[in-house]
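In: give me the fold of what follows.
(2 chains)
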Protein chains: 2
Amino acid sequence: MTVRALWYDRHTLHLIDQRRLPAHLIVRHLRTVQGTAEAIRTMVVRGAPAIGVAAAYGMALASRQRGMTPTRAAVLLRATRPTAYDLFVGIEVVRNAWTRGDDPEAAALAYCARVVGECRKIGEAGAPLFRQANKVLTHCNAGALATVEWGTALAPIRVARDRGVRLFVWVDETRPLLQGSRLTAWELDQERIPHAVIADNAAGYYLHNGDVDAVIVGADRVARNGDFANKIGTYEKAVLAHENGVPFYVAAPWSTFDVGRKDGTTIPVEERAEAEVLDLGTQRIAPKRSHARNPAFDITPAKYVTGFVTPVGVMRPAELTRFLLRHRARLAAPARP
Amino acid sequence: MTVRALWYDRHTLHLIDQRRLPAHLIVRHLRTVQGTAEAIRTMVVRGAPAIGVAAAYGMALASRQRGMTPTRAAVLLRATRPTAYDLFVGIEVVRNAWTRGDDPEAAALAYCARVVGECRKIGEAGAPLFRQANKVLTHCNAGALATVEWGTALAPIRVARDRGVRLFVWVDETRPLLQGSRLTAWELDQERIPHAVIADNAAGYYLHNGDVDAVIVGADRVARNGDFANKIGTYEKAVLAHENGVPFYVAAPWSTFDVGRKDGTTIPVEERAEAEVLDLGTQRIAPKRSHARNPAFDITPAKYVTGFVTPVGVMRPAELTRFLLRHRARLAAPARP
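Out: Modelled structure (predicted):
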């Protein structure tokens, strides 16, 4: 059994509420673009490929709402979160179909199927990177919950396991929202893949001690030169992997690649509410007068990336740039957000 | 007003219960070495210099207990925590006085005064490292709570402030036990020093963006070559400071220097209960079947250290080694633990 983060039927978008996992498995049922936008903004659904698909379905729901236009729906969905490129791709794919007079629901379903298919191919392309008994570190959640099915960073781990390669996964808990200990550990536990949760602070310790054979993460946006945005803390792990000679892989479907963006310096980084850092659940940790800063993403320069695991294979950053430029017309789906 | 982590009067050791801060300011009153050992083990008191002083007072309390011997008391206290060198120094100083027939309480009081005096000198030696409006990153708590008074890493920040140098402090929250958001933020808030709490994951982001002018941390044990143990995550910050050309300082009194230890490779690293990572307070975060690993410290190689801030001045690692070898006889107080 694999997890599925969301599905669409009878003109309804069904989303697992990822804020409540792993204690509660609750499914939300949405019938409007406004509800979908709110679910993305409040992180009921998160993970770049998954929010792209959710947004595509949000456009499909909008097409059935009285008085809604492709442009109004796109504006609503685009305003939810700034960093993940997939969001803008998912919106644009369905907006184009709708504007052309094609069926928006069929376009959204096709977009979802494309993303799921690419994630499976990422799994196949990435699985040979891992050897028997390897210890693999991952940060945040780049599993099925982040991508509808399979995952990006977790897809090669799943395919390797299905091929009989037994891996152990170090799971960064990923403060502040704990997507590692809550979501990645939950997915690995569902499939009985051996793992241990660690404080984000302990990743460097295990990297330095030779206890990590590879690092693999997802991405929220990859620029043409290979600089990429991902969950806050990814940059730290990339530098530490590099310093310790451990390969560092970034797995992403095509919807994450921002081909029109030369490098990562201009990728917008979302800053979220300070309460995510200052409180644990309903309890205040820090002193009442203290403040926090809470960037949700960081930008990792391409020089720290050993390889991008894409649906067509693993590429070094320079290869990726050549590939993206060659296929630019086909990949640059959305208008620049 | 400065905070004081512990004090001793009327044959009683008084400790602020640091597990309950900042929500509750509770003082524990101890009259036995067993109670003191338990308080150290359960982290009622933590921070290398502070547990050294607490252990010294624990030896003083033992000397008043019927049937207790210097050796039995030392064995009890030594078994509490393995990494901080100060613990073994504090025990040994009072054990020697007791064995010689000197007053153990006077020896413990003198040891405490020595540590406090050294922390004040660390503040004076380190303050000139910071310029007006500098942004300084610190990890864990190396303030008054960790050292009785003044702190190690925070001492130069306090002295700089008293000299009119206005600094801003980035406070790593320091998972799993959140000594940064609970204790360092509390100390800075008490003295109205501007600061912001960040997830440990965000330190690299601010270092990379040029928003950090210096990093300063305390230490739990420094080997002769300058390799040092400190709270888990310190190694990550040191590598990231180095990668981004930001100076990285380690502040410690002489009780933290393990002169007899050639390098950091053999420093014992405590591994604590996995519940510290898997639970938040009484609430489980991770799936029920998931496990965690929880090393409480890491070892940072000397090559990442710009300078050690000691009671006699700031020294590069090579200078530190020469100084330690020259003053070896005077510094090597305890038997090797």
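
In: assign the residue nearest to residue A:218 when sequence neighbours are not counted to helix, strand or coil.
Out: Distances taken as Cβ to Cβ, 6 or more residues apart in numbering or on different chains place residue A:142 nearest to residue A:218, at 2.9 Å, with adjacent residues excluded. Where C-beta positions appear, they are placed from N, C-alpha and C, glycine not excepted. Secondary structure, DSSP: H, G, I helix; E, B strand; the rest coil: residue A:142 is coil.

In: alongside chain B, which residues does the stretch 51-200 of chain A contribute?
Out: Within the stretch 51-200 of chain A, the positions adjacent to chain B are A:171, A:173-176, A:178, A:181-182, A:185-186, A:188-189, A:195-200 by Cβ under 8 Å from any Cβ of the partner chain.

In: those residues in strands, which ones?
Out: In this view, those that belong to strands under DSSP state E are A:171, A:195, A:196, A:197, A:198.

In: closest to residue A:310 among those?
Out: Distance to residue A:310, by Cβ to Cβ, is smallest for residue A:171 among these, at 23.8 Å.

In: so what pairs up with that closest one in the strands?
Out: Bridge pairing for residue A:171 (DSSP bridges) gives the partners residue A:138, residue A:197.

In: ok, it - contacts?
Out: A:138, A:180, A:181, A:184, A:185, A:188, A:195, A:196, A:197, A:198, B:290 (Cβ atoms under 8 Å, 6 or more residues apart in numbering or on different chains).

In: and the ones in strands among the residues of the stretch 51-200 of chain A next to chain B as a markdown table, adding pLDDT?
Out: Formatted as a markdown table, those follow (pLDDT from 0 to 100):
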| residue | pLDDT |
| --- | --- |
| A:171 | 98 |
| A:195 | 98 |
| A:196 | 98 |
| A:197 | 98 |
| A:198 | 98 |
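
In: where does chain A dip in pLDDT?
Out: In the predicted model of chain A, residues A:1-2, A:332-337 satisfy pLDDT under 70.

In: okay, domains of it per the record?
Out: A:6-118, A:122-331 (automatic domain parsing).

In: as JSON lines, the ones you listed with distance to residue B:134 would be great.
Out: Putting these into JSON lines (distance: least, Cβ to Cβ, whole Å) gives the following:
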{"stretch": "domain A:6-118", "distance to residue B:134": "30"}
{"stretch": "domain A:122-331", "distance to residue B:134": "17"}
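
In: show residues contacting stretch A:9-22.
Out: Residues from elsewhere that reach stretch A:9-22 (Cβ under 8 Å, 6+ apart): A:3-8, A:24-31, A:36, A:39, A:42-46, A:54, A:57-58, A:61, A:64, A:105, A:145, A:179, A:182-183, A:185-186, A:189, B:286-287.

In: what is the burial count for residue A:203?
Out: Using other Cβ atoms under 10 Å in any protein chain shown, residue A:203 is surrounded by 30 other residues.

In: what about the residue nearest to residue A:151 when sequence neighbours are not counted, distance to chain B?
Out: Once flanking residues are discounted, residue A:151 sits nearest to residue A:143: 3.8 Å by Cβ to Cβ, 6+ apart. Distance, residue A:143 to chain B, by Cβ to the nearest Cβ, to the nearest Å: 13 Å.
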